[in-house]
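> predicted model and sequence follow; I will ask about them next.
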Amino acid sequence: MNITVIGTGYVGLVTGACFAELGNNVTCVDINKEKIAKLKEGIMPIYEPGLDAMVESNVKEGRLHFVTSLSDVEAKPLAIFIAVGTPSGEDGSADIRYVLEAARDIGGFIDDYSVVVDKSTVPVGMADKVRAEIQQALEKRNLSFHFDVVSNPEFLREGAAIEDFMRPDRVVVGLESDHARKVMQDLYLPILRSPEKLYFMNVKDAEMTKYAANAMLATRISFMNELSVLCDRMGVNIENVRIGIGSDSRIGSPFLNAGCGYGGSCFPKDVRALVKMAEEHDVEPLILNAVEKRNFLQKNIMHEKVVERFGDDLNAVTVGVWGLAFKPGTDDMREAPSIVLINNLIKRGARVQAYDPAAMEVARGLFPAEWFNEGKLTFTEHQYEALKEADVLTLVTEWKPFCYPDITVMKNQMRQHVIIDGRNQYNPEQMRAAGFEYVGVGRGVKTDAQACGSIPENLYRVSE
Ligand SMILES: NC(=O)c1ccc[n+]([C@@H]2O[C@H](COP(=O)([O-])OP(=O)(O)OC[C@H]3O[C@@H](n4cnc5c(N)ncnc54)[C@H](O)[C@@H]3O)[C@@H](O)[C@H]2O)c1
């Protein structure tokens, strides 16, 4: 099938490359000329494991093309995917301007039946707006023919995007016509093999499904994060609680890790957009507001733990930071907890030395240049270099090379042997046996001396 994908970000590029891998003829369009120029040279604009090889081989086979405008698309597409960004607007609602622009471009481009597939995460009812934009643009061209607008939300995870796209748990499709249904089946059955995993529903239901999925996952994380704060104050180990509840088949284990908050391009903005949708329909979003607020507080938790250990004035403190990306396997820095931590530390006078296997180039632009020039913030070439003369290691992103570090090298590099583990990645007993002071999130170590003051000393213990 001839396919066009508008937007070559994390979703669009993966979608385009994967459909090409399946034998389709795909053209990816992006208005960002630099991105397209790089892609044409074989340089990936994002870090996503396996993507470079897949793009390279499909370009070589002539199944994947990159252009900067729909007018340069040579093979007339039957399916056109919209995969442009829908960031948070100022009031928290999804900024839909890029989707509308893409719709206008489509209306100025198609001259025959097409299925327009909305893969961007968009507010409920957006398909009607996309249809209206396309219709208006067609009328300007004195054209009139039937086209379909379909909602096909994407559930891939950055860092495992190809695997998720090629082996999804399910594919959700919201549509209104048999013709569109046939096109979507032709596209997805080679991936799914079994039609039961292809869920057809109304367009609005599909649009809401995407928000509901992200909000549910964010809720689980915030729930555990809230419990982790309580666990710290009561001398309870959240890790044991996690195992204890996650083994209940009614609950299940995914997305129950307590930590320093969720970030990324989806959970934060999608929870906020759903809050906004609820408010616009006079529904008070009690749970969603709490999820968002807990996450805001949780992003400060590592900084609080550093202050509790070293005091308010961090002028004499050097902090090693392992991990900048919002999660392992990506260079995506959008709403990453590391941004909050580093800003807080530097404002308190700390020197910060950070290392990330993929995100340092992106992260460099997010902090003031003078911090780098004045040596307040350094990005190092190796993970152990970030620990040189450091008083504390803060683990923010659980990249694989951080999971089993060389303890001897760490001890030799560090001035003081303190670990603040924002992802509960390490075995506290092992780290303590190795001579480290260890603080996790919710592992029964108090974070707030005053709040814990009311708990009798003999009831307070480290419970690992
Ligand atoms: N990133 C994820 O993991 C993920 C997962 C599921 C769903 N989503 C959703 O998918 C959508 C895309 O997310 P992303 O992370 O890939 O975005 P992104 O910001 O990485 O990429 C969007 C791309 O669209 C391009 N663009 C904008 N307007 C355009 C236009 N008119 N024509 C052509 N190109 C245009 C931009 O230049 C950019 O390269 C969002 O709605 C997001 O919520 C993202």
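Structure received.
> contacts, neighbours, all on C-alpha from now
Fine.
> OK, contacts around Met290?
If you look again at residue 290, you'll see it is Ala, not Met. Residues counted as contacts of Ala290 (Cα atoms under 8 Å, 6 or more residues apart in numbering): none.
> make 8 the first number, not 1, from now on.
Fine by me, first position is 8 from now on; the one you just mentioned is Ala297.
> could you check which helix or strand contains it?
Ala297 belongs to helix 293-305 when assigned by DSSP states H and E.
> centre of the chain to that helix, how far?
17 Å (Cα atoms, centre = their mean, to the nearest Å).
> list the buried residues of it.
Neighbour-count burial for helix 293-305 flags 295, 298-299, 301-303, 305 (criterion: 16 or more other Cα atoms under 10 Å).
> near the ligand, which of the residues you listed show up?
Applying Cα under 6 Å from any ligand atom, the subset of those adjacent to the ligand is empty.
> redo the residues you listed as JSON lines? Include pLDDT.
Shown next, in JSON lines, are the buried residues of helix 293-305 (pLDDT from 0 to 100):
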{"residue": "Leu295", "pLDDT": "97"}
{"residue": "Val298", "pLDDT": "98"}
{"residue": "Glu299", "pLDDT": "96"}
{"residue": "Arg301", "pLDDT": "97"}
{"residue": "Asn302", "pLDDT": "97"}
{"residue": "Phe303", "pLDDT": "96"}
{"residue": "Gln305", "pLDDT": "97"}
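> after the helix holding Ala297, which helix or strand is next?
That would be, after helix 293-305 and using DSSP H and E, helix 308-317.
> if we can go back for a sec, for the buried residues of helix 293-305, give me TSV that also has distance to Ser64.
TSV is the format used below for these (distance: Cα to Cα, whole Å):
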residue	distance to Ser64
Leu295	43
Val298	42
Glu299	42
Arg301	44
Asn302	41
Phe303	42
Gln305	42
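> mind picking the two most distant members of these?
Comparing every pair within the buried residues of helix 293-305 by Cα to Cα identifies Leu295 and Gln305 as the most remote, at 15.3 Å.
> which residues does Leu71 contact?
Leu71 makes contacts with 23-24, 27, 32-35, 62, 65, as judged by Cα under 8 Å, 6+ apart.
> what do you get if the cut-off is 10 Å, keeping everything else the same?
10-11, 23-28, 30-35, 61-65 (Cα atoms under 10 Å, 6 or more residues apart in numbering).
> right, and Tyr218 touches Ser127 too?
No: if you go by Cα atoms under 10 Å, Tyr218 and Ser127 don't touch, sitting 11.3 Å apart.
> identify the contacts common to the two.
Residues within reach of Tyr218 and of Ser127 at once, by Cα under 10 Å, 6+ apart, are Pro160.
> what is the neighbour count of Ala60?
Applying other Cα atoms under 10 Å, we find 13 residues neighbouring Ala60.
> Ala440 too?
10.
> residue contacts, the spatially closest residue to Asp398 that is not a sequence neighbour?
In space, and not counting its chain neighbours, Asp398 is closest to Gln423: 4.4 Å by Cα to Cα, 6 or more residues apart in numbering. For Gln423, the contact set (Cα under 10 Å, 6+ apart) comprises 324-325, 394, 396-400, 443-444.
> and Gln423, how far is that from Ile252?
Per Cα to Cα, to the nearest Å, Gln423 is found 36 Å from Ile252.
> also Gly271?
Distance from Gly271 to Ile252, by Cα to Cα: 26 Å.
> looking at the two, which is more packed in?
More neighbours surround Gly271 than the other of Gly271 and Ile252, with 18 against 14 (other Cα under 10 Å).
> doesn't the more buried one belong to a helix?
No: counting by DSSP: H, G, I helix; E, B strand; the rest coil, Gly271 is not part of a helix but coil.
> now it, nearest residue through space, not along the chain?
On the basis of Cα to Cα, 6+ apart, the spatially nearest residue to Gly271 that is not a chain neighbour turns out to be Arg341, at 4.8 Å.
> for Ser100, same thing?
Ala280 (4.4 Å).
> what is the burial count for Asn350?
16.
> how about it, phi and psi?
phi -60, psi -50 (degrees, to the nearest 10).
> cool, Asp125 as well?
In terms of degrees, to the nearest 10, the main-chain angles of Asp125 are phi -90, psi 110.
> my guess is it meets Ile103, correct?
No: with contact defined as Cα under 10 Å, Asp125 does not reach Ile103; the gap is 11.9 Å.
> shared neighbours of those two, anything?
By Cα under 10 Å, 6+ apart, the residues touching both Asp125 and Ile103 are 91, 133.
> more neighbours: the two, which one.
Taking neighbours as other Cα under 10 Å, Asp125 and Ile103 compare with Asp125 leading, 28 against 20.
> need the pLDDT of that one.
On pLDDT, Asp125 comes in at 98.
> show me which residues of this protein sit near the ligand.
Residues of the chain lying near the ligand (Cα under 6 Å from any ligand atom): 13-19, 36-39, 90-93, 105, 108-109, 127-128, 161-165, 272-273.
> make a ChimeraX selection of the buried ones in the residues you listed.
In ChimeraX, this line selects whichever of these come out buried by 16+ other Cα under 10 Å:
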select :13,14,15,16,17,18,19,36,37,90,91,92,93,105,109,127,128,161,162,163,164,165,272,273
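> which of the residues of the chain next to the ligand fall within strands?
13, 36 (DSSP state E).
> list the contacts for the most centrally placed residue in the chain?
Central residue of the chain (Cα atoms, centre = their mean): Gly271, 3.2 Å from the mean position. By Cα under 10 Å, 6+ apart, the contact set of Gly271 is 165, 332-334, 337, 339-344.
> what of Val180?
Contact analysis of Val180 by Cα under 10 Å, 6+ apart lists 124-126, 157-161, 187-188, 191-192, 205-210, 212-214, 216.
> please pick the buried ones from those.
124-126, 157-161, 187-188, 191, 205, 207, 210, 212-214, 216.
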